[in-house]
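>>> generate coordinates for the sequence data below:
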Amino acid sequence: MLEKFINRERELRALENFWKSSTSQLVVIYGKRRVGKTELIKKFIEKKPAIYFLADNLPENINLRLLGRIVGEFFNDNFLAETGFKEWYQFFQYLKDNVQKRIVLVIDEFPYLSHANKAISSIFQKGWDEYLSKLPIFLILCGSSISMMESETLAYKAPLYGRRTGQLFIKPFLFSEASQFFSHRSMEDCLRFYTIVGGIPAYLKQLNPNLSPRENIVNEVLSPDKLLYHEVEFILREELREPRNYLSILKAIAFSRNKFSEIVNETGIEKSALHKYLFILEDLQLIEKEVPVTEKNPIRSRKGRYRLQDQFVKFWFTYVFPFKSELELGNTAPVLKKLNESFEILVAQTYEKVAQEILRDYSNEIFPFMRVGRWWDKNEEIDLVALNDETNEILFGEVKWSNKPVGTNIYRDLKKKALLVNWGKTDRKEYFCLFSRSGFSKEMKEIAKKESVFLFEKDKLKMKF
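Just a heads-up that it's a prediction; the model follows:
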């Protein structure tokens, strides 16, 4: 298993800047489960005087007692370590009486405290206003429940609104960052690893970089005794009250029921309830609603499609969920057959998504992109569209994960589809790009030179103008 700490330089730099401040700090750190929030915090406090408390989904008196033990050990107070705190204001008063030099105080999984006491945000507001804000303290409130962290700490009506001095929303790794876990592997293998687990650090750490993607799938995903095998169901049980309904929605989307009406028909869930379920799944960053990138009013667009945002959830629903009965008996043959038939198709879909990330990295060499996404209308689709409303510039791209070099036919088809895209003023400036796993034909390279087509091979821009 991988143990190294990758990237997060921007986040660490932000925390260090907060630490250097001479005033008290209250920083909110949040993001989906397993995204690496705790590892980031532990890296930050590595050589600093710090109290780190991981709250649990337990009654309040037990959390207070556990907190008392940790605080007591920090201040060498054996009595407190044995007895714990009886209530929160005793905790704040204790810090007021004992904190003399700058320290970091971390409350991890803060939402768990709210489960036991709905008034916890108001309590911490008072604790901050009357005690902690007057101390040389750097308070970090961290949580995996994105909606609760936003409603309890960031929203305008939240008790702690206006108290925070900063916030960090921790996102999954991009492909370029996740690839650092497999630095000695080819770009193709890195993409295959990314197709399996996406950019979640905890999942990436489950994979062995010295084994092939297929071997990792068999060892770490298809084995009922491994973390990844149960992970999706665990998250749904942990985060949601009605996991079965959410499971059926995710299954429908995984099997290409992407429109709202299609999900209704597939799941049998009433429209009014489905809206709520979809909103919650979006909030958990398990799904996302996508509209053509050229839409002027995305929120009101009727062309919206839902897709799985979490790459591992997509993989799990493709290769684990349909075969759970067989896998529980140790029979991997049906899954391996499906892997042989369709895994590279899934890799190709991932490449389309990764191409957006790669393209953004080259924005300064083409034109400043305001938005990058996909476009579709009726039966036509374009893999990549980047645009700038202010300069009236637009780029069209196709992405091919094939063993054959991309030829001129792909480019000609792209130009025809570009004519169908209703966007911008009549004199808009158009650009074209092609992404290919296996390079480009001689004819395509010649046309690219004449017509200034940007050619990307795998993850690198090979021809630019």
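
>>> chain neighbours aside, what residue packs nearest to residue 197?
Once flanking residues are discounted, residue 197 sits nearest to residue 203: 3.7 Å by Cβ to Cβ, 6 or more residues apart in numbering. C-betas here are computed from N, CA, C, even on glycine.

>>> which residue ranges form the helices in the stretch 51-200 of the chain?
Using DSSP state H, counting those that start in this stretch, the helices of the stretch 51-200 of the chain run over 60-74, 78-83, 88-98, 110-116, 120-130, 146-149, 175-178, 187-197.

>>> contacts only, for residue 60.
Taking Cβ atoms under 8 Å, 6 or more residues apart in numbering, we find residue 60 in contact with 113, 116, 117.

>>> most surrounded residue in those?
In terms of neighbour count, residue 113 stands highest of the contacts of residue 60 at 26 neighbours, by other Cβ atoms under 10 Å.

>>> wait, that one touches residue 119, no?
No - counting by Cβ atoms under 8 Å, residue 113 stays clear of residue 119, with 10.2 Å between them.

>>> one step back: count of residues packed around the residue nearest to residue 197?
Neighbour count for residue 203, taken as other Cβ under 10 Å: 25.

>>> which SSE is it in?
Assigned by DSSP states H and E, residue 203 belongs to helix 201-204.

>>> hey, C-alpha coordinates of that helix in CSV?
What follows is helix 201-204, C-alpha atoms only, in CSV (Å, rounded to 0.1, in the frame of the first residue of the first chain):
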residue,chain,number,x,y,z
PRO,A,201,-6.2,9.7,-1.9
ALA,A,202,-7.5,7.0,0.4
TYR,A,203,-8.5,4.9,-2.6
LEU,A,204,-5.2,5.5,-4.4
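
>>> report the buried residues of the next helix or strand after it.
With elements assigned by DSSP H and E, the helix or strand that comes after helix 201-204 is helix 213-216. Going by neighbour count (16 or more other Cβ atoms under 10 Å), the buried part of helix 213-216 is 213, 216.

>>> just to revisit the earlier point, sort the contacts of residue 60 by pLDDT and name the bottom one.
The member of the contacts of residue 60 with the lowest pLDDT is residue 116, at 91.

>>> which parts of stretch 200-215 are buried?
In stretch 200-215, the ones that count as buried by 16+ other Cβ under 10 Å are 200, 201, 202, 203, 204, 205, 206, 207, 209, 213.

>>> related to what we said a few turns ago, now for the helix holding residue 203, which elements pack on it?
For helix 201-204, the elements it packs on are helix 187-197, judged by 3 or more Cβ pairs under 8 Å, 6 or more residues apart in numbering; DSSP states H and E.

>>> run the chain-centre distance for the helix it packs on.
Here helix 187-197 is found 16 Å from its chain centre; the criterion is Cα atoms, centre = their mean, to the nearest Å.

>>> that older thread, dump the contacts of residue 60 to JSON lines, plus distance to residue 27.
Below are the contacts of residue 60 laid out as JSON lines (distance: Cβ to Cβ, whole Å):
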{"residue": "113", "distance to residue 27": "17"}
{"residue": "116", "distance to residue 27": "23"}
{"residue": "117", "distance to residue 27": "22"}
